[in-house]
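Trainee: with the input below, show me the fold.
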Amino acid sequence: MSDEQLTPLSLLERARTNDQQAWSRLTALYRPLVLFWCRQAHCPAADVEDVAQEVFAGVAAGLGGFRRDRAGDSFRGWLRGITRNQVLLYFRRNQGRCQPEGGSDALARLQDLPDPLPDSLDEEAQEISQLYRRAVAQVRDEFEESTWHMFWRTVIDSRPASAVAEELGVSPAAVRQAKSRVLRRLRQEMGELLE
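Mentor: Reported below is the predicted structural model:
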């Protein structure tokens with residue numbers, strides 16, 4: 001069996017193949033962040049779920065074309081762009097205008113509109129922190145309690161491997177190995193989704 005056959009596909013790759021479990025995990029991971037962006041854009045509370053559904057419909061339609069060709073490209077950035085577009089579409093559809101407007105003047109007015117997803121870094125940083133926690137929770141059950149505890153103490157609690165080793169009565173190498181195993185699994189499963 002080749003290395004390619006032994007290595008499980010990342011969550012994103014499985015979602016691209018319409019794997020229902022992967023889609024469920026992907027939406028569970030990112031839906032709260034999309035809902036946060038919709039609320040930040042002042043979508044009415046009654047419509048936030050509908051806009052989020054449109055976002056994920058756009059993700060499903062465009063996921064096959066998502067690429068990371070340039071430095072700085074990320075899935076989260078791509079998802080934010082889809083969310084921004086769906087929010088703009090929502091507000092356009094609900095302005096009560098009878099006739100759609102076009103032309104250079106309309107484009108200029110549209111480009112003058114403020115970004116509906118303002119940079120509120122503190123709140124967004126909290127949402128992204130929650131995104132990471134959801135990702136970690138998705139792979140939690142794959143590890144023994146001792147392995148998980150060593151990972152948690154070193155990565156989440158930011159404790160040195162030597163201190164965790166002393167605390168648990170194991171070697172620092174065992175702590176580093178446990179940390180590495182969990183991080184490797186997170187990268188396998190989530191890969192570029194967490195960048």
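
Trainee: how many residues are close by residue 122?
Mentor: By the measure other Cβ atoms under 10 Å, the count of residues near residue 122 is 6. (Each C-beta comes from the backbone N, C-alpha and C, glycine too.)

Trainee: which ones are touching it?
Mentor: By Cβ atoms under 8 Å, 6 or more residues apart in numbering, the contact set of residue 122 is empty.

Trainee: what of residue 172?
Mentor: Each residue near residue 172 by Cβ under 8 Å, 6+ apart is listed here: 161, 162, 165.

Trainee: what are the ranges of the helices in this protein?
Mentor: Using DSSP state H, the helices assigned to the chain run over residues 3-6, 11-16, 20-40, 45-62, 75-93, 103-112, 121-139, 145-151, 161-168, 172-190.

Trainee: among the ones you listed, which comes closest to residue 68?
Mentor: Residue 68 sits nearest to helix 75-93 of all the helices of the chain, at 8.0 Å, using Cβ to Cβ.

Trainee: list the buried residues of that closest one.
Mentor: Residues 75, 78, 79, 80, 82, 83, 84, 86, 87, 88, 90 are the ones in helix 75-93 that count as buried (16 or more other Cβ atoms under 10 Å).

Trainee: now that helix: average pLDDT?
Mentor: Helix 75-93 carries an average pLDDT of 91.

Trainee: tilt between it and helix 121-139?
Mentor: 120 degrees (axes from the mean of the first three to the mean of the last three Cα atoms, to 10 degrees).

Trainee: put the buried members of the contacts of residue 172 into a PyMOL selection.
Mentor: The buried residues among the contacts of residue 172 can be selected in PyMOL (16+ other Cβ under 10 Å) with this line:
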select buried, resi 161+165
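
Trainee: so which of the contacts of residue 172 would you say is closest to residue 190?
Mentor: For the contacts of residue 172, the minimum distance to residue 190 (Cβ to Cβ) is 23.0 Å, reached by residue 161.

Trainee: separation between that closest one and residue 179?
Mentor: 7 Å (Cβ to Cβ, to the nearest Å).

Trainee: what's the answer for residue 87, then?
Mentor: Applying Cβ to Cβ, the value for residue 87 to residue 179 is 39 Å.

Trainee: once you drop chain neighbours, what's closest to the residue nearest to the spatial centre of the chain?
Mentor: Nearest to the geometric centre of the chain sits residue 30, at 4.6 Å (Cα atoms, centre = their mean). When the adjacent residues along the chain are set aside, residue 30 lies closest to residue 79, with 6.3 Å between them (Cβ to Cβ, 6 or more residues apart in numbering).

Trainee: many thanks, I have nothing further to ask.
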